[in-house]
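K.L.:
with the input below, show me the fold.
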Amino acid sequence: MTISIIIPAYNVEKNIGACLDALRPQISDADEIIVVDDGSRDATRAVAEARGVRVIAQENRGAAAARNVGAQNARGDLVLFLDGDCVPEQNWVQAMLAPLVDSEIVGACGMKQTKQRGIVPRFIQMEFDYRYDNERARRYIDFVDSGTAAYRRAIFLENGGFDARLADAEDVDLSYRLSERGYRMAFTENAIVYDPHPESLIEYLRRKFTYAFWRAQVYARYPTKLASDSRTPQTQKAQGALVGLLALSLVAAIVWRDALWLAAFCLVAFAFTTAPFVARYFKRDPVVALWSPLFSALSAFAGSLGLGLGILRARLMSDR
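P.N.:
Here you go, the predicted model:
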């Protein structure tokens, strides 16, 4: 089967060269690499063209639309998606294709890693690894990260590809859509790409808020996934609920002091949910592990706020 690697690219001139250089040795002459330049204002297109790959230019419409355009114009039987600021390991293509040897598997998800040494990227990587442990334990998964993904092209197109109306979490939407329709997807831990995680805490929390906001639109379509999915540990979902309840109890305490007891309960319960994470990663990185309860609390608050506003938006849109 032939392969088309599709890379949505927006202002990634500093990274796209390393990405393409790492991919080129991994494919045959029958395969192709397609860079969809999503209206970049820098030299992204020139850097890609200089490496002889196929470049499709479009106005800035977002990564989901760019991936769809790439898949629609691809000639491969299989489409692999990779972000333009990521650098894949030398066996990434082979590892991504391994699950698809099974004809029942229509999609595969790899892993993101980082070489950054800042405390925030190290914490983010621990979060990723914590979720990957969930997926390792399952034969089939219901979430494929579009930053390191593979699909059978015909199935991808027949099922509508990514919903370009979503500014984020479009990969969650597609994954849930395929899962609800009975398609099977698999996790492949040997398919590693190096991803530039946010360096600052503010940027990390902004991303958490945005992702949760758009994920709420997806939950409105697939409400059963709010309770459980193959990727998110249940403790992390509980953290969002506890932080939200903590905030409400503190506000209520202004007029009803007994609400402080509820706030105290939420704090203790939240600390309890972080214990498995701290215990798992303390030997690996004690500094980050000890900071992780605070980072997790801030993350849960940003996510809860985004999810709440996202649910409100979904309700308003459904009433129209």
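K.L.:
can you count the residues close to the closest residue to residue 228 other than its chain neighbours?
P.N.:
Once flanking residues are discounted, residue 228 sits nearest to residue 234: 7.2 Å by CB to CB, 6 or more residues apart in numbering. Every residue, glycine included, has its C-beta placed from N, CA and C. Neighbours of residue 234 under the rule other CB atoms under 10 Å: 12.
K.L.:
and if you look at residue 257?
P.N.:
Residue 257 has 9 nearby residues by other CB under 10 Å.
K.L.:
give me the distance between it and residue 264.
P.N.:
12 Å (CB to CB, to the nearest Å).
K.L.:
again, but for residue 277
P.N.:
On the measure of CB to CB, residue 277 and residue 264 end up 22 Å apart.
K.L.:
coming back round to it: touching, the residue nearest to residue 228 and residue 240? I think so.
P.N.:
No: assessed by CB atoms under 8 Å, residue 234 is found out of contact with residue 240, at 11.0 Å.
K.L.:
for the residue nearest to residue 228, give its distance to residue 84.
P.N.:
34 Å.
K.L.:
same thing with residue 150?
P.N.:
Counting by CB to CB - residue 150 and residue 84 are separated by 17 Å.
K.L.:
cool, and residue 299?
P.N.:
For residue 299, the distance to residue 84 - CB to CB - is 26 Å.
K.L.:
swap in residue 190?
P.N.:
22 Å.
K.L.:
settle it for me: which of these two has more neighbours?
P.N.:
Per other CB under 10 Å, whichever of residue 190 and residue 84 has more neighbours is residue 84, with 26 against 13.
K.L.:
residue 196 looks like it's in a helix, true?
P.N.:
No: using DSSP: H, G, I helix; E, B strand; the rest coil, the assignment for residue 196 is coil, not a helix.
K.L.:
need the pLDDT of residue 110.
P.N.:
With respect to pLDDT, residue 110 scores 97.
K.L.:
residues of the lengthiest helix in the chain that come out buried?
P.N.:
Longest helix in the chain by number of residues (criterion: DSSP state H): helix 286-319. Within helix 286-319, the residues that count as buried by 16 or more other CB atoms under 10 Å are 288-289, 291-293, 295-307, 310-311, 314.
K.L.:
same check on stretch 221-232?
P.N.:
Applying 16+ other CB under 10 Å to stretch 221-232 flags 222, 225, 229-232 as buried.
K.L.:
residue 200: which of those is nearest?
P.N.:
Lowest distance from residue 200 to the buried residues of stretch 221-232 (CB to CB) belongs to residue 232, with 23.8 Å.
K.L.:
helix/strand/coil for the closest one?
P.N.:
On the basis of three-state DSSP, residue 232 is classed as coil.
K.L.:
look up how far residue 247 lies from the nearest residue to it once chain neighbours are set aside.
P.N.:
Leaving out its chain neighbours, the residue that sits closest to residue 232 by CB to CB, 6+ apart is residue 131, at 6.5 Å. Distance, residue 131 to residue 247, using CB to CB: 25 Å.
K.L.:
neighbour count for the two, which is higher?
P.N.:
Between residue 131 and residue 247, counted using other CB under 10 Å, residue 131 has the larger neighbour count: 19 against 15.
K.L.:
domain ranges for the chain?
P.N.:
Segmentation of the chain into domains, based on automatic domain parsing, reads 3-197, 225-319.
K.L.:
pick the most deeply packed of those domains.
P.N.:
Across the domains of the chain, averaging neighbours per residue (mean count of other CB atoms under 10 Å) puts domain 3-197 on top, at a mean of 19.
K.L.:
those strands in the stretch 51-200 of the chain, which residues are they?
P.N.:
Remark: strands assigned in the stretch 51-200 of the chain by DSSP state E, counting those that start in this stretch are 54-58, 78-82, 87-88, 105-113, 148-152, 184-194.
K.L.:
would TSV of the ones you listed with distance to residue 39 be doable?
P.N.:
What follows is those, written out as TSV (distance: least, CB to CB, whole Å):
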stretch	distance to residue 39
strand 54-58	7
strand 78-82	19
strand 87-88	23
strand 105-113	25
strand 148-152	22
strand 184-194	23
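K.L.:
could you report the pLDDT at the residue nearest to residue 207 when sequence neighbours are not counted?
P.N.:
Spatially, and ignoring its direct neighbours in sequence, residue 207 is nearest to residue 198 (6.1 Å; CB to CB, 6+ apart). For residue 198, the model assigns a pLDDT of 96.
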